[in-house]
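Participant: requesting a structural model of the entry that follows:
(2 chains)
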Protein chains: 2
Amino acid sequence: MLHAIVLAGGSGTRFWPASRRLQPKQLLAIGPLANESLIAATVRRIEPLCGLERIHIATGEHLLGATRQALPSLPSANFYGEPLARNTAPCIAWVTALIAHRDPDALVMVLPSDQHVTDEDAYRRALETALRAAQSGEVATIGVTPTRPETGYGYIELGEQLDEEVYVARRFVEKPHRQLAEQYLRQGGFVWNAGMFFFRATVMLQALERHLPELSRPLERLVAAVGSELEPELTQQLFAGAPSVSIDYGVLEKLETLRVVPASFGWSDLGSWESAWQLSELDVDGNAGPAGAVFVDARRNLVQDLRAAPDRRVIALVGVDDLVVVETEDALLVMPRDRAQDVRAVVEELKARRRDELL
Amino acid sequence: MLHAIVLAGGSGTRFWPASRRLQPKQLLAIGPLANESLIAATVRRIEPLCGLERIHIATGEHLLGATRQALPSLPSANFYGEPLARNTAPCIAWVTALIAHRDPDALVMVLPSDQHVTDEDAYRRALETALRAAQSGEVATIGVTPTRPETGYGYIELGEQLDEEVYVARRFVEKPHRQLAEQYLRQGGFVWNAGMFFFRATVMLQALERHLPELSRPLERLVAAVGSELEPELTQQLFAGAPSVSIDYGVLEKLETLRVVPASFGWSDLGSWESAWQLSELDVDGNAGPAGAVFVDARRNLVQDLRAAPDRRVIALVGVDDLVVVETEDALLVMPRDRAQDVRAVVEELKARRRDELL
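Facilitator: Numbering: from 1, shown residues only, chains lettered A, B, ... in the order given. Model (predicted):
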């Protein structure tokens, strides 16, 4: 059977003040989907492929409540709360082992919960192609065809072409500097690593045993205790002893036969307020904002009013360009779009001031 | 007896969104006096000179309620509501005539209600000097000694020096362009017209009869009817038929013997959010804002939280310089400090959108 593991962790800093420690990005309706959280959109997109009952949500223990609330139609047992954040490898290993325990033939896709997709049909077609490649016993990934010399993503270099849609991965490339990113775009054969992975559960568990053996032993002990009173304690031990490592670095890069499916479906990782602006519907001056916003001699600004009950309050921008203005119930942020990464500095400052209620 | 006429009209556009049609600048606590409206500060400053009972407030009819509320210790009868806005000459003529009707020997000082004064003792000394000059039967004014080549004010050129503190005015000069303003500053002998005027009531009424005779006739009819049921109707007629002209242009410029008292007392007309920033207490980066504001790599910004009940909301500015950010209950304004004059454009836009509740 086909299962999905949707990764829904996150620290909630990049979209502050909308995102918070207890309300990270995937729980927000950011970008063009005004009324649907990113995680709800993710689940809606894949429901036609695997059904709600086999969609598994992996999140932090402290986020279980809010995440269940965001996905009320999912069975409560499908939510997995990591006791400790240890990057993606331990988490994927854990949920994959639990799925395999009940369904040894499980085919699994791992998907981020916080991405945006414009062409949902093309997206599902790409998933199906990658699943077909995984069905045959290899680990597969989707590589998004680059549309710009992006320096914020990791890349995968394509190797041998196996059929019309599937390649072997040659190597993973860290986030490149500008010049290199331009070269990748010009030369072709490089795709963005979008963090989507496809595998038979047994294949992944074998790969883990080989490349991350320190995970495999506690995982076996845990699986043997599933349903017993020991399970919580052994889960805790698994994460406490696990290396904090990504599945890419810990496993995938070491596979000789990783499959890559290049695809285009209007993908964005929605990494910052800057990308939220890029995805927004813009007026003739490049501004995006609520209906009541007033722009006077102002260009390319993003205004977001994210208060729970927006009233008829007016937000007026005069003579300013390329700003992000975000309002929530308890915070207001003003910054240039190209400083979107620096929003973390505000979160750090608020931490230093012990304004924990704002984090 | 000494009387004061405090001019308290205004359209409430320059300090939008804090100022509104029904809450113009003088009713706000802008600048360094955090808890005192500008008009209350004006009254407090002059109370030692003439007592509350002889301070007369001239405002628009529609502003009577809010203005009385801002000055609860003043007798209710001391508020004068102009039925129509006709600039300063008709208003000053009207209130002066009513004062003279009850107190023919009245000495009058006319003061704006919306200015800021740093050195209040020096201010009162200047008023007393000007009053002494007016006592002798001339009209007098105070000229503020320029501290910068300001192009936003009118100037008065000093003529013959009569004693240590008093000059004859040579001429009024309209707002100069930059080069001329610099020349005035270099050369000396020019002072800022601060809109403060001092005269015996009878002297002003004679000057009006000579220079604005179309005002004098209806004014005489009105004074003859004071206290009668005809008074409101005749007041209405006075304003309806009055030319819309300033006292400077209509009368003072035509006087050969106008006295000028140059003075320095840390004066500002608080003409825009820019001057509010100039008067604010700034941190080491030149920022002014509420205690909870967070500035990250941001310089020379003014943040004003003017909501009725400010909570622990945080306002964070990241990587922006020289901005004004103003919050009220129902509006948020973001603009560069040097565009402060353009806030009117927002008011115009809101008018066009029929958002009357925001004006």
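Participant: tell me where chain A has helices.
Facilitator: A:38-50, A:64-70, A:88-102, A:120-135, A:178-187, A:201-211, A:213-224, A:231-241, A:247-250, A:273-279, A:343-352 (DSSP state H).
Participant: can you put those helices in JSON lines and add mean neighbour count, distance to chain B and mean pLDDT?
Facilitator: Just so you know, the C-beta spots here come from the backbone N, C-alpha and C atoms, and that holds for glycine as well. Compiled in JSON lines, the helices of chain A are given as follows (neighbours: other Cβ atoms under 10 Å in any protein chain shown; distance: least, Cβ to the nearest Cβ, whole Å; pLDDT from 0 to 100):
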{"stretch": "helix A:38-50", "mean neighbour count": "19", "distance to chain B": "23", "mean pLDDT": "96"}
{"stretch": "helix A:64-70", "mean neighbour count": "18", "distance to chain B": "21", "mean pLDDT": "96"}
{"stretch": "helix A:88-102", "mean neighbour count": "22", "distance to chain B": "29", "mean pLDDT": "97"}
{"stretch": "helix A:120-135", "mean neighbour count": "19", "distance to chain B": "34", "mean pLDDT": "97"}
{"stretch": "helix A:178-187", "mean neighbour count": "14", "distance to chain B": "20", "mean pLDDT": "95"}
{"stretch": "helix A:201-211", "mean neighbour count": "18", "distance to chain B": "41", "mean pLDDT": "96"}
{"stretch": "helix A:213-224", "mean neighbour count": "16", "distance to chain B": "39", "mean pLDDT": "94"}
{"stretch": "helix A:231-241", "mean neighbour count": "16", "distance to chain B": "33", "mean pLDDT": "95"}
{"stretch": "helix A:247-250", "mean neighbour count": "22", "distance to chain B": "31", "mean pLDDT": "94"}
{"stretch": "helix A:273-279", "mean neighbour count": "21", "distance to chain B": "11", "mean pLDDT": "90"}
{"stretch": "helix A:343-352", "mean neighbour count": "18", "distance to chain B": "5", "mean pLDDT": "90"}
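Participant: out of those helices, nearest to residue A:109?
Facilitator: helix A:120-135 (6.3 Å; Cβ to Cβ).
Participant: the closest one: how far from the chain's middle?
Facilitator: With Cα atoms, centre = their mean, to the nearest Å as the basis, helix A:120-135 stands 17 Å off its chain's centre.
Participant: equivalent analysis for stretch A:23-40, please.
Facilitator: That offset, for stretch A:23-40, works out to 12 Å (Cα atoms, centre = their mean).
Participant: which parts of it are buried?
Facilitator: A:23-28, A:30-31, A:33, A:37-40 (16 or more other Cβ atoms under 10 Å in any protein chain shown).
Participant: where's the dip in pLDDT among those?
Facilitator: Least confident entry in these, by pLDDT: residue A:33, with 62.
Participant: what about residue A:77, neighbour count?
Facilitator: Burial of residue A:77, expressed as a neighbour count using other Cβ atoms under 10 Å in any protein chain shown, amounts to 8.
Participant: what's near enough to touch it?
Facilitator: Residue A:77 makes no contacts at all, as judged by Cβ atoms under 8 Å, 6 or more residues apart in numbering or on different chains.
Participant: for the helices of chain A, which one sits closest to residue B:5?
Facilitator: Proximity to residue B:5 (Cβ to Cβ) singles out helix A:343-352 among the helices of chain A, at 49.6 Å.
Participant: any idea how far the closest one is from the middle of the chain?
Facilitator: Computed by Cα atoms, centre = their mean, the chain-centroid distance of helix A:343-352 equals 23 Å.
Participant: which residues does it contact?
Facilitator: Helix A:343-352 is contacted from outside by A:13-16, A:272-273, A:333, A:335, A:358-359, B:294, B:296-297, B:314, B:316, B:318, using Cβ under 8 Å, 6+ apart.
Participant: show me the domain layout of chain A.
Facilitator: Here the domain assignment for chain A is A:2-268, A:273-358, based on automatic domain parsing.
Participant: save the ones you listed as TSV, and put in distance to residue B:72 too.
Facilitator: Formatted as TSV, the entries for the domains of chain A read as follows, by distance: least, Cβ to Cβ, whole Å:
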stretch	distance to residue B:72
domain A:2-268	40
domain A:273-358	30
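Participant: report the angle between the top strand by length along chain A and helix A:88-102.
Facilitator: Scanning chain A for the longest strand, with DSSP state E as the assignment, gives strand A:190-200. Between the axes of strand A:190-200 and helix A:88-102, defined by axes from the mean of the first three to the mean of the last three Cα atoms, to 10 degrees, the angle is 30 degrees.
Participant: partners of strand A:190-200, with directions?
Facilitator: Strand A:190-200 sits in its sheet next to strand A:107-112 (antiparallel), strand A:140-144 (antiparallel), strand A:155-161 (antiparallel), going by DSSP bridges.
Participant: out of the ones you listed, which is the most enclosed?
Facilitator: The highest mean neighbour count among those belongs to strand A:140-144 (a mean of 26), with neighbours defined as mean count of other Cβ atoms under 10 Å in any protein chain shown.
Participant: quick check, residue A:31 in contact with residue A:116.
Facilitator: Yes - using Cβ atoms under 8 Å as the test, residue A:31 is close enough to residue A:116 to be in contact (5.2 Å).
Participant: could you pull up phi and psi at the nearest residue to residue A:320 once chain neighbours are set aside?
Facilitator: When the adjacent residues along the chain are set aside, residue A:320 lies closest to residue A:298, with 5.2 Å between them (Cβ to Cβ, 6 or more residues apart in numbering or on different chains). When read as degrees, to the nearest 10, the backbone of residue A:298 gives phi -130, psi 140.
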